[in-house]
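J.: here's a sequence, model it:
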Amino acid sequence: MTSDLARVPFSVLDRSRTREGRPDAEALRDTVAFAREAERLGYHRIWVSEHHGVPGVAGSAPTVLAAAVAAATERIRVGTGGVMLPNHQPLVVAEQFGVLESLFPGRIDMGLGRSVGFTDGVRRALGRDKEVAEDFEGQLGELLGWFRGTSPTGVRARPSQGLTVPPFVLAMGEGAAIAARAGLPLVIGDLRDREKMRRGVERYRADFRPSAWAREPYVVVSGTVAVAATWQEARRLLVPEAWSMAYARTHGTFPPLPPAERVEALRMTERERGFYESGLTGRLAGTEEQVAHELEGVLKETAADEVLVTTSTYDRAALLDSYRRLARITGRRS
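T.: The predicted model follows:
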């Protein structure tokens, strides 16, 4: 552990990844169980994600899952990474988070993204299209207005009005500019392109306008981190997710996580191999000493206020061991 790593909170994002041969319900139960372990290890927050119609992800209703996670834990902050605002009416999102904050006061975060459905079919099923995401800034302003009681409709959002649920914007590029103009904390990733991340953070800080939600810029850097006894073991943790991403890019569907040994035995096409190798590079993977050194570099480059880690692999025991090792090198509990 170093003082640089101990000075900032470390949090986790669990995407409820499904695994080959196992039911979706198991992935959701795993998320809840992992939340209890993350709390025991001293992580600051645990967030859950939103995906629709994706075989590889069971987390389709993040506020519902966040409620289950909050009910199963006692102290750790719980939120979304994120609710994809273009998929929902802002009033409904405000009401959902108002209910969460009322049930678990002082523990709920509202992480918000601007993506729409993964495929045309999903977007049609949601009644949304890509153009909806272009008004993310307007949707964000409307959502925050429901908490502040500034909606021009005369409708009161219950139980949201008057509550404070910390909002975060998940973004790169233009999304970071929106966060700056709105005066909101920024979650920015990923660690594979640290130069792009650094530029985005600099622009965000330069353009930040203080608001009722945040007086100063607040930067959360996000990315995949895998820690194991050896570099080879850590890299192997990345194999199932790297193959799922490669398969999605070449077949148009994002599958459940396969065992690493099955992926390593595959005969991939040249195109599949290219995407697969890309998924293995640029991640923070290695021994505790190696990952600590890399994380120190990230913090020096970005002066981040917090780090949000997301890691997915087939071997759940190895995954939990990775998070335990990360907790140790970052000053959380061993």
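J.: how far out from the middle of the chain is stretch 270-277?
T.: 25 Å (CA atoms, centre = their mean, to the nearest Å).
J.: for Ala260, give me the pLDDT.
T.: Predicted confidence (pLDDT) for Ala260: 97.
J.: cool, the one 4 residues further on as well?
T.: At Glu264, the model reports a pLDDT of 96.
J.: excluding its backbone neighbours, what's nearest it?
T.: Across the structure, with CB to CB, 6 or more residues apart in numbering as the measure, the residue nearest Glu264 apart from its sequence neighbours is Val239 (6.7 Å). For glycine as for every other residue, the C-beta is placed from the backbone atoms N, C-alpha and C.
J.: how about the contacts made by the one you found?
T.: Contacts here follow CB atoms under 8 Å, 6 or more residues apart in numbering; on that basis Val239 touches Ala260, Val263, Glu264, Leu280, Thr313.
J.: among those residues, which are located in helices?
T.: The helices, defined by DSSP state H, take in Ala260, Val263, Glu264, Leu280 from those.
J.: with neighbour count and distance to Ser60 added, can I get these in TSV?
T.: Converted to TSV, the ones in helices among the contacts of Val239 look like this (neighbours: other CB atoms under 10 Å; distance: CB to CB, whole Å):
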residue	neighbour count	distance to Ser60
Ala260	20	26
Val263	21	25
Glu264	10	30
Leu280	17	28
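J.: tally of neighbours for Arg267?
T.: Burial measure for Arg267: 6 neighbouring residues, criterion other CB atoms under 10 Å.
J.: and it, what element?
T.: With the criterion set as DSSP states H and E, no secondary-structure element contains Arg267; it sits in neither a helix nor a strand.
J.: phi first, then psi, for it.
T.: The phi and psi torsions at Arg267 (degrees, to the nearest 10) take the values phi -100, psi 100.
J.: from Arg77, how far off is it?
T.: From Arg267 over to Arg77 the distance is 45 Å, taken as CB to CB, to the nearest Å.
J.: with the flanking residues excluded, which residue is spatially nearest to Ala228?
T.: Excluding the flanking residues, the one nearest Ala228 by CB to CB, 6+ apart is Ala234, at 4.0 Å.
J.: next, the spatially closest residue to Gly189 that is not a sequence neighbour: secondary structure please.
T.: Distance criterion CB to CB, 6+ apart; nearest residue to Gly189, sequence neighbours excluded, is Ser222 at 3.6 Å. Classification of Ser222 into helix, strand or coil gives strand, according to DSSP: H, G, I helix; E, B strand; the rest coil.
J.: now for the contacts of Val239: which two are most distant?
T.: Of all pairs drawn from the contacts of Val239, the one with the longest distance (CB to CB) is Glu264 and Thr313, at 13.3 Å.
J.: need the contact partners of the helix or strand hosting Arg36.
T.: Arg36 is part of helix 24-41, with elements assigned from DSSP H and E. Contacts with helix 24-41, where a contact means CB under 8 Å, 6+ apart, come from 12, 14, 16-19, 46, 48, 57-59, 65, 68-69, 72-76, 78, 316, 320, 323-324, 327, 332-333.
J.: ok, Ala318 - contacts?
T.: Ala318 touches Ala228, Glu233, Leu237, counting by CB under 8 Å, 6+ apart.
J.: buried ones in stretch 51-70, by neighbour count?
T.: When burial is assessed from 16 or more other CB atoms under 10 Å, stretch 51-70 yields the following buried residues: 51-54, 56-60, 62-63, 65-70.
J.: those residues in strands, which ones?
T.: The members of those all map outside strands under DSSP state E.
J.: leaving out chain neighbours, which residue sits closest to Gly223?
T.: That would be Leu191: by CB to CB, 6+ apart, it lies 3.0 Å from Gly223.
J.: how about the one you found, secondary structure?
T.: Taken by three-state DSSP, the conformation at Leu191 corresponds to coil.
J.: please name the residues that touch it.
T.: In this structure, Leu191 makes contact with Met197, Val221, Ser222, Gly223, Thr224, Val225, Gly282, Arg283, Leu284, Val298, judged by CB under 8 Å, 6+ apart.
J.: I figured Glu306 hits Val12, correct?
T.: No - using CB atoms under 8 Å, Glu306 is not in contact with Val12, being 11.4 Å away.
J.: of the two, which one has the most company?
T.: The residue with the greater number of neighbours, taking Glu306 and Val12 and applying other CB under 10 Å, is Val12; the counts read 25 against 18.
J.: between the helix or strand harbouring the more buried one and helix 24-41, how many degrees?
T.: Val12 is part of strand 10-14, with elements assigned from DSSP H and E. Direction vectors for strand 10-14 and helix 24-41, defined by axes from the mean of the first three to the mean of the last three CA atoms, to 10 degrees, enclose an angle of 170 degrees.
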